[in-house]
Every structure is written in structure tokens, then in C-alpha cells.
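In: I'll drop the sequence and a predicted model, then ask my questions.
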Amino acid sequence: MNPEILIDLVTKRMPFGKYKGRLLCDVPEHYLVWMHGQGFPEGKLGMWLHTLYEIRLNGLEQILSDLKRKYPQK
């Protein structure tokens, strides 16, 4: 896995919808599950959200917590 994808998850923000403006890593799990059922969007955003879905599905949230401390938001 490309580590830049993980960094993007803790630094990029959701560009639309109910969770617009939230860090991608802070999008609630229920929204990711819903989006998985609907189909993730095309492009990088879809790849980021799908990666986040897989991280949550496999209980690997600690990776994101560690990165959030390393790359704090201003």
C-alpha cells in the first residue's frame, strides 16, 4: 500500500454531502457502509473512501490515530 494514501486520509476533507468539511478519517462508519452499498465515487475520493472502509472493516483504526497525531490539522 502507498503510505501517501494513509496520509491523505488524515489530511484531506470530504468535499460534499452531509459530512462536507470533515477529515476523511472522521467520516462515520455507517456512512462508509452506506456508500459501499451505493458504490464509491470515481477517482481518488472513491479510492480514499474505499480504503477507509477496509481499514474500519478490519479494525485497523489505530493506524489512522497514529497518523493524525503525526500530521495535526491547523
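Out: Perfect, thanks for sending it. Here the structure is a predicted model, which means the values were calculated and not measured.

In: And the contacts of the helix or strand where residue 56 lies?
Out: Using DSSP states H and E, residue 56 falls within helix 43-57. For helix 43-57, contacts defined as C-beta atoms under 8 Å, 6 or more residues apart in numbering pick out 1, 5-6, 8-9, 12, 15, 24-25, 27, 29, 32-33, 35-36, 40-41, 61, 63-64. For the C-beta atoms, the positions are set from N, CA and C on the backbone; glycine is no exception.

In: let's see it at 10 Å
Out: Helix 43-57 is contacted from outside by 1-2, 5-6, 8-9, 12, 14-16, 24-29, 31-33, 35-36, 39-41, 60-64, using C-beta atoms under 10 Å, 6 or more residues apart in numbering.

In: any low-confidence regions in this structure?
Out: Scanning the chain for pLDDT under 70 picks out 1, 74.

In: and residue 41, that's in a strand?
Out: No: applying DSSP: H, G, I helix; E, B strand; the rest coil, one finds residue 41 to be coil, outside a strand.

In: For it, which residues are in contact?
Out: Contact partners of residue 41, counting by C-beta under 10 Å, 6+ apart, are 15-16, 35, 47-50.

In: can you tell me the distance between the two ends of stretch 19-27?
Out: 7 Å (C-alpha to C-alpha, to the nearest Å).

In: how far out from the middle of the chain is the helix holding residue 56?
Out: Centroid separation for helix 43-57 versus its chain: 6 Å, with C-alpha atoms, centre = their mean, to the nearest Å.

In: what does stretch 18-26 give?
Out: Averaging C-alpha positions (C-alpha atoms, centre = their mean) puts stretch 18-26 8 Å from its chain's average.
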